[in-house]
Every structure is written in C-alpha cells, then in structure tokens.
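**Q** Sequence plus predicted model, see below.
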Amino acid sequence: MATCSTNSETVNEINDPGAAPYGNFINYYTFNPPENRLSLIPVTLLQDLGYNDHHQTTLLLDVGCNSGELSVAFYKHLVPSDLRTVHLLGFDLDESLIERAQQTNPLPGSISFIPLDITADTRQLQDYLRHHGCSHFHLCLCLAVTMWVHLNHGDSGLLQLLSHLASISDHLLLEAQPWKCYRSAARRLRKLGRSDFDHFKTLKIRGDMAEHAREHLERHCDMELIQSFGSTTWDRKLLLFRRR
C-alpha cells in the first residue's frame, strides 16, 4: 500500500526493505507470500457469502494491492474457473507497482489494476462500480494497509479510511497491523537516518488496533463482525465484517 508519492526517493532507498514509509515495498510478497493469508480463508468464502450466481456480477476490491500477486492468488483461490461474473479491481498509489501488476496480470478479463490514492480522489472507484452496474463492492480486502494510512494521515485519516471502505462495501475483510508493527516501522526509518512519521508521536488511537477498527466499524459504520479467520503467521487477525 502506498499513500504518498515516492518520486523524490532514490532507487537505492526504494530497494531497501526498510525504506518504504508508505508500505510500497517492491519485494513485499517475497517475505509475506499470499499463502500466509490464503491458508486461513476457505475456498468457499464467496459461496458462503451468497456470491455464486453465474448470472449476477460480483465485484471484489483489493486496497493497496502492491504488485498484485495477492490479488491474483486471492481471485484464483476463491473463484471457480467456470464463474465468469466475478471481477476484481486492485489499486495502489505506487504507479511502478501497478505497472508491474498490469504487466504480469494473467486474467486481464477479470482482474484490473489502477493507480489510486484512497486518501484523496476516489472517483475511479465510483466509475468502476457504475461500469458494472453496481452500487457497492461485494467484498473489499484491506490487508496490512491501515497502519500506513494511520502513520501518514493520523487518527482522522485512519477513521476516514475505515468509514469510506464501509460505505462502498457489503463485506470487508480487514487485517490491521498490531501496534508493535508501528514501533518497528518507526524504528526502521530512524535507523536509515530519516525523519519519523509525521503523526507517530501524536496518535491517540493505540494498543489493540484490530479492536479499535472493529469498534469504529460497528459503532459508526453500520457494519458487524461476522467471522474471524484466526491470525496469520505474522500474528495479524483476519476479520470479516458485513453491512447490517
């Protein structure tokens, strides 16, 4: 997930796995392969949620898709080969990662990738929904994205992200990084001699980040937690929410 431009960063900095202050790691899926999440998610998820109609369009959204490997693996994991009505849109702010995703996309008829900043103009999402004749995405993936928005846009940015995703999704699969990841990200920047995250020291939302997200979604976004798929190998909970 990238939330700010990286044009000013040098190639050497981008290649350093600790130098991606917006989550736009160029080799992310080499150290956190898709299977770390997919092993927890049943292949029948779409069917379980009622999205197995061969005549009804189903739209999936992958927020902060990086270079697209998880988007493609998730689609193949859940969508039977004969079900052609499911479409996935992945986006990330880092245009170089999106370009790589587009170039390596094995299913261009079903999966699309676009550059987009979720904290700024999101008209492209509405355009995509209208193009497919839908008012909402049926399932939105927001995996390991919340921390980067939180660190770069503060408490209000985090809550706005959750509220926005809830407003455009019928179901939301959320993986919020725990607070220890915030400290690690800040420590990596300091080791590189770079400035700390603008909001890190002033954040008031701290502690159990998955619980904070659940509380906001249930109290303010008319969503409810319907299932926990357990924790990944990185000790991050996978939580599934549904619009009430």
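**A** Arrived safely.
**Q** quick one: buried residues of stretch 123-143?
**A** Judged by neighbour count (16 or more other Cβ atoms under 10 Å), stretch 123-143 contains these buried residues: 125, 128, 129, 134, 137, 138, 139, 140, 141, 142, 143. Quick note: C-beta positions are derived from backbone N, CA and C, even for glycine.
**Q** now the protein, which segments are flagged as low pLDDT?
**A** Within the chain, the ranges that satisfy pLDDT under 70 run 1-19.
**Q** can we see that at 90?
**A** 1-22, 52-55, 81-84, 121-122, 188-196, 198 (pLDDT under 90).
**Q** other SSEs contacting the longest strand along it?
**A** In the chain, taking DSSP state E as the definition, the longest strand is strand 223-231. In terms of contacts (3 or more Cβ pairs under 8 Å, 6 or more residues apart in numbering; DSSP states H and E), strand 223-231 is packed against helix 209-220, strand 237-243.
**Q** got a list of contacts for the first one?
**A** Put plainly, it is helix 209-220. 146-147, 159, 162-163, 166, 172, 174, 176-179, 205, 223-225, 236-237, 239, 241 (Cβ atoms under 8 Å, 6 or more residues apart in numbering).
**Q** what's the answer for stretch 119-137, then?
**A** 3, 57, 59-61, 87, 89, 91, 112, 114, 116, 149, 153, 157, 160-161, 164, 168-170, 243.
**Q** who touches the residue of the chain most remote from its centre in this structure?
**A** Distance from the C-alpha centroid of the chain peaks at residue 193, with 28.3 Å (Cα atoms, centre = their mean). Contact analysis of residue 193 by Cβ under 8 Å, 6+ apart lists nothing.
**Q** swap in residue 234?
**A** By Cβ under 8 Å, 6+ apart, residue 234 lies in contact with 32, 36.
**Q** do residue 240 as well
**A** 171, 172, 173, 174, 225, 226, 227, 228, 229.
**Q** Not counting sequence-adjacent ones, nearest residue to it?
**A** Leaving aside its sequence neighbours, residue 240 sits nearest to residue 227 (Cβ to Cβ, 6 or more residues apart in numbering; 4.4 Å).
**Q** do residue 91 as well
**A** residue 116 (3.9 Å).
**Q** residues near that neighbour, how many?
**A** For residue 116, the neighbour count with other Cβ atoms under 10 Å is 24.
**Q** which one is residue 243 nearest to, not counting chain neighbours?
**A** residue 170 (5.1 Å).
**Q** strands paired with the host helix or strand of residue 61, and their directions?
**A** Using DSSP states H and E, residue 61 sits within strand 58-63. Its sheet considered, strand 58-63 pairs with strand 86-92 (parallel), strand 137-143 (parallel) by DSSP bridges.
**Q** Quickly find the element holding residue 118.
**A** Applying DSSP H and E, one finds residue 118 in no helix or strand.
**Q** which ones are touching it?
**A** Contacts of residue 118 by Cβ under 8 Å, 6+ apart are 3, 63, 64, 91, 93, 149, 161, 164.
**Q** relative to strand 223-231, how tilted is the lengthiest helix in the chain?
**A** Under DSSP state H, the helix in the chain containing the largest number of residues is helix 146-168. Angle, helix 146-168 to strand 223-231, by axes from the mean of the first three to the mean of the last three Cα atoms, to 10 degrees: 140 degrees.
**Q** so what does helix 146-168 touch, helix or strand wise?
**A** Packing partners of helix 146-168 (3+ Cβ pairs under 8 Å, 6+ apart): strand 137-143, strand 169-175, helix 179-191, helix 209-220.
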